[in-house]
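Colleague: Need a 3D model of the sequence below.
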Amino acid sequence: MLLCSEFAHFNPFVFAMKIQNKLLLTLLGLSLFIISSLAMFAQWSFGQGLIKYVNSKEKELLQPFVEELQQSYQKQQSWDDWAGQPRYFFDRASFYLQAELSPRSISQRQRSPSGPHEPRAGRPPPPPEKRGPSLVLLDSDDQVIVGRYDTGVDYNYFPIRLQQQHVGTLLVAKKEQLSQDYEFEILQQQQHYWLWVGLFLFVVVVVISIMIARHFVQPIKKVVEGMTQLTRGNFEQKIEINRKDELQLLSQHFNTLAQRLSQTETHRKRWLATVSHELRTPIAILKGETEALIDGVRQPDLKNLQSIHSEVNQLSKMIDDLYALTSQQIEGIPVRLQQHDLLAFLQQHQLKYSQYLQDNTIQLLTDWPSGTLWLALDPVRLNQLFENILTNCVKYAQASQLTISVSQHDQQVLIRLADNGIGIAPQHHAHIFEYLYRAEEHRHRSNGGLGLGLALCAQIVHRHHGDIFASTAAQGGLEISIVLPLTLPDNS
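Modeller: Numbering: from 1, shown residues only. You can find the predicted model right below:
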């Protein structure tokens with residue numbers, strides 16, 4: 001472990017290499033390996049093919065030599081002359097092979113004698129090729145006449161026949177590797193060609209690898225630059241990556257994250273502004289009243305003390321609300337979901353809700369079906385949800401009627417609470433469930449509170465795996481819709 005850490009410390013290039021360079025080196029290394037492997041395989045395959053070709057060519061070139069042996073045996077009716085002249089036997093075999101494979105020897109072949117007893121004209125024959133066991137002449141009984149037979153060598157067989165009678169066999173060992181100069185010359189030419197082809201392909205791979213590396217790295221660079229701006233507090237970021245792959249999905253998630261962070265920052269500023277404003281007012285009142293008592297402007301009687309106590313209670317209530325809000329944001333509102341009949345719950349609390357609204361000159365109207373609607377819910381939290389909405393209606397709606405309706409749609413239940421009051425502007429509908437949000441900035445703190453009621457309603461609905469949203473009611477007021485599932489999700 002220590003060695004690895006020291007290696008990383010003294011070789012930062014290995015561990016701090018950019019992803020573009022890593023991708024480029026990976027592609028180049030893989031391409032070089034593939035090209036080298038293909039070149040080696042092609043060279044080996046060509047060499048094997050060349051060996052097979054040479055073997056087949058030798059077999060073809062030695063056919064005239066077989067005919068010469070056949071004619072010689074026809075004249076002598078034996079192999080004695082060939083057995084006595086093994087050097088001449090190898091010379092003649094080499095002559096046929098070299099004459100065909102080397103065009104310069106064709107004329108010499110045409111002037112050469114055709115039998116073992118006829119002398120060569122002109123210069124003496126070239127020295128015999130030391131073929132060892134590669135060339136063997138056998139008689140009709142497979143006895144060795146010329147050469148040395150090796151059982152471990154693979155031979156090509158040339159039967160020698162005279163008037164349909166088997167009189168002997170010429171054996172030529174098959175080549176297993178290249179041995180002639182011209183064979184190596186052909187192989188070296190192929191290696192030279194493959195070298196140039198490999199270099200060309202490697203250059204093409206380098207260009208393509210650079211393009212591919214840039215293709216993948218450029219979007220990542222955009223994301224890195226965007227993340228750098230986010231860490232600096234600049235949340236107004238948007239990345240545009242016009243691609244149909246995971247990088248485009250990454251850019252979409254990044255844009256969503258930036259938008260959420262921007263909204264969170266906006267909520268945080270509103271939070272601070274609202275809390276500062278709400279705390280400043282009671283503190284200013286307390287400061288003014290206590291200074292009046294100290295200066296003797298007001299007397300420390302029961303009435304003045306009750307006024308101070310009222311402001312202290314108001315301040316204490318706001319601090320308790322802030323504490324509750326912070327706790328719920330950190331831990332979430334605790335709920336205990338159990339199967340309950342929603343319609344039975346509403347009928348049970350209908351009289352209480354109706355009496356509360358009547359005390360504030362609001363008539364309660366109901367519209368729900370008969371029977372049962374079983375939901376997974378927490379009756380205590382659901383009651384808190386309805387009470388917060390009704391309280392909000394009493395404080396701000398200035399309505400004379402409130403309608404609660406229930407309907408079922410597939411596997412969901414829709415609960416609507418609509419009033420005929422003054423309502424709120426549509427641009428506020430999407431924000432009234434946010435913490436500390438007030439649709440009317442001129443509300444007095446005595447009835448405006450901290451704007452937690454509807455925010456708590458949204459928390460309760462979400463804990464029930466549902467959704468809540470606001471819209472304009474048909475009566476002209478505000479309509480709050482609550483959607484709850486009929487069955488509890490498996491991950492609840």
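Colleague: Please count neighbours and contacts with C-alpha atoms only from this point.
Modeller: Will do.
Colleague: Leu279 falls within a helix, correct?
Modeller: Yes: the assignment for Leu279, made by DSSP: H, G, I helix; E, B strand; the rest coil, places it in a helix.
Colleague: could you point out which element follows the helix or strand Val312 falls within?
Modeller: Per DSSP states H and E, Val312 falls inside helix 302-331. Using DSSP H and E, the helix or strand that follows helix 302-331 in sequence is strand 338-341.
Colleague: Return the list of strands paired to that next one, each annotated with direction.
Modeller: strand 374-377 (antiparallel) (DSSP bridges).
Colleague: pLDDT of the strand it pairs with, averaged?
Modeller: If you average the pLDDT over strand 374-377, you get 92.
Colleague: CA atoms only for it, dumped as CSV, please.
Modeller: What follows is strand 374-377, C-alpha atoms only, in CSV (Å, rounded to 0.1, in the frame of the first residue of the first chain):
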residue,chain,number,x,y,z
TRP,A,374,-60.8,1.7,1.1
LEU,A,375,-57.5,3.6,1.2
ALA,A,376,-54.3,3.3,3.1
LEU,A,377,-54.3,6.4,5.2
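Colleague: which outside residues touch that strand?
Modeller: 336-342, 464, 484-488 (C-alpha atoms under 8 Å, 6 or more residues apart in numbering).
Colleague: can we see that at 7 Å?
Modeller: 337-342, 464, 486-488 (C-alpha atoms under 7 Å, 6 or more residues apart in numbering).
Colleague: out of the residues you listed, which are buried?
Modeller: Buried by 16 or more other C-alpha atoms under 10 Å: 337, 340-342, 464, 486, 488, out of the contacts of strand 374-377.
Colleague: can you list these in a markdown table and add pLDDT and distance to Ile404?
Modeller: Output for the buried ones among the contacts of strand 374-377, formatted as a markdown table (pLDDT from 0 to 100; distance: C-alpha to C-alpha, whole Å):
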| residue | pLDDT | distance to Ile404 |
| --- | --- | --- |
| Leu337 | 91 | 23 |
| His340 | 92 | 19 |
| Asp341 | 93 | 16 |
| Leu342 | 94 | 13 |
| His464 | 92 | 19 |
| Leu486 | 87 | 19 |
| Leu488 | 52 | 23 |
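Colleague: Mind putting the residues you listed into CSV with distance to Thr26?
Modeller: CSV is the format used below for the buried ones among the contacts of strand 374-377 (distance: C-alpha to C-alpha, whole Å):
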residue, distance to Thr26
Leu337, 54
His340, 61
Asp341, 63
Leu342, 62
His464, 51
Leu486, 54
Leu488, 50
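Colleague: Please, where are all the helices along the chain?
Modeller: All helices of the chain, identified by DSSP state H, fall at 2-10, 12-15, 19-61, 63-76, 80-84, 86-101, 106-111, 181-231, 246-295, 302-331, 342-358, 379-392, 445-448, 453-463.
Colleague: so how far is Val312 from Gln306?
Modeller: Separation of Gln306 from Val312 (C-alpha to C-alpha, to the nearest Å): 10 Å.
Colleague: Neighbour count for those two, which is higher?
Modeller: Val312 (16 against 12; other C-alpha atoms under 10 Å).
Colleague: Compute the distance between that one and Gln63, please.
Modeller: Counting by C-alpha to C-alpha, the gap from Val312 to Gln63 is 124 Å.
Colleague: and if you look at His340?
Modeller: Relative to Gln63, and taking C-alpha to C-alpha, His340 is found at 103 Å.
Colleague: ditto for Leu257
Modeller: In terms of C-alpha to C-alpha, Leu257 sits 84 Å off from Gln63.
Colleague: Quick check on these two: which one has the bigger neighbour count.
Modeller: Leu257 (16 against 13).
Colleague: how about low-confidence regions in this protein?
Modeller: 1-17, 47, 50, 98-133, 176-188, 321, 324-332, 436, 438-451, 488-492 (pLDDT under 70).
Colleague: Count the residues that sit near Val207.
Modeller: Neighbours of Val207 (other C-alpha under 10 Å): 12.
Colleague: residues contacting it?
Modeller: By C-alpha under 7 Å, 6+ apart, the contact list for Val207 is empty.
Colleague: State the distance from it to Ser31.
Modeller: As judged by C-alpha to C-alpha, Val207 and Ser31 stand 12 Å apart.
Colleague: same question, Arg298
Modeller: 93 Å.
Colleague: The two: which is more packed in?
Modeller: When Arg298 and Ser31 are compared for neighbours, Ser31 comes out ahead with 17 against 13, by other C-alpha under 10 Å.
Colleague: Skipping its backbone neighbours, what lies nearest that one in space?
Modeller: Val205 (6.9 Å; C-alpha to C-alpha, 6 or more residues apart in numbering).
Colleague: Next, find the distance separating the most centrally placed residue in the chain from His253.
Modeller: Centroid-nearest residue in the chain, with C-alpha atoms, centre = their mean: Glu246, separated by 6.2 Å. Look at Glu246 and His253: by C-alpha to C-alpha, they are 10 Å apart.
Colleague: ok now do Gln339, which residues does it touch?
Modeller: Gln339 sits in contact with 374-377, where contact means C-alpha under 7 Å, 6+ apart.
Colleague: I'd like the residues you listed laid out as CSV, including distance to Ala93.
Modeller: Below are these laid out as CSV (distance: C-alpha to C-alpha, whole Å):
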residue, distance to Ala93
Trp374, 104
Leu375, 102
Ala376, 101
Leu377, 104
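Colleague: Just name the closest of the residues you listed to Pro426, please.
Modeller: Leu377 (30.2 Å; C-alpha to C-alpha).
Colleague: What count of nearby residues applies to the closest one?
Modeller: 25.
Colleague: who's it bridged to?
Modeller: Beta-bridge partners, per DSSP bridges, of Leu377: Gln338.
Colleague: how near is it to Tyr353?
Modeller: For Leu377, the distance to Tyr353 - C-alpha to C-alpha - is 19 Å.
Colleague: ok, now Gln143?
Modeller: The value you get for Gln143 to Tyr353, if C-alpha to C-alpha is used, is 123 Å.
Colleague: do Arg148 as well
Modeller: In terms of C-alpha to C-alpha, Arg148 sits 119 Å off from Tyr353.
Colleague: go on, Gln338?
Modeller: 23 Å.
Colleague: just Asn255 next, same as before
Modeller: Relative to Tyr353, and taking C-alpha to C-alpha, Asn255 is found at 44 Å.
Colleague: same thing with Phe216?
Modeller: In terms of C-alpha to C-alpha, Phe216 sits 61 Å off from Tyr353.
Colleague: neighbour-wise, which of those two wins?
Modeller: Tyr353 (17 against 14).
Colleague: Show me where the stretch 351-492 of the chain has its strands.
Modeller: 363-367, 374-377, 401-409, 412-419, 467-472, 478-485 (DSSP state E, counting those that start in this stretch).
Colleague: what about the ones you listed, which gets the closest to Trp271?
Modeller: strand 467-472 (21.6 Å).
Colleague: what's the nearest residue to Val483 if we skip its chain neighbours?
Modeller: Nearest non-adjacent residue to Val483 (C-alpha to C-alpha, 6+ apart): Leu414, at 4.7 Å.
Colleague: Can you give me the neighbour number for that neighbour?
Modeller: 17.
Colleague: Name all residues that make contact with it.
Modeller: Leu414 neighbours (C-alpha under 7 Å, 6+ apart): 406-408, 481-484.
Colleague: Sort out which residues of stretch 400-411 are buried, please.
Modeller: For stretch 400-411, by 16+ other C-alpha under 10 Å, it's 400-406, 408.
Colleague: and Thr151, backbone torsions?
Modeller: phi -70, psi -20 (degrees, to the nearest 10).
Colleague: how close does it get to Ala173?
Modeller: Relative to Ala173, and taking C-alpha to C-alpha, Thr151 is found at 11 Å.
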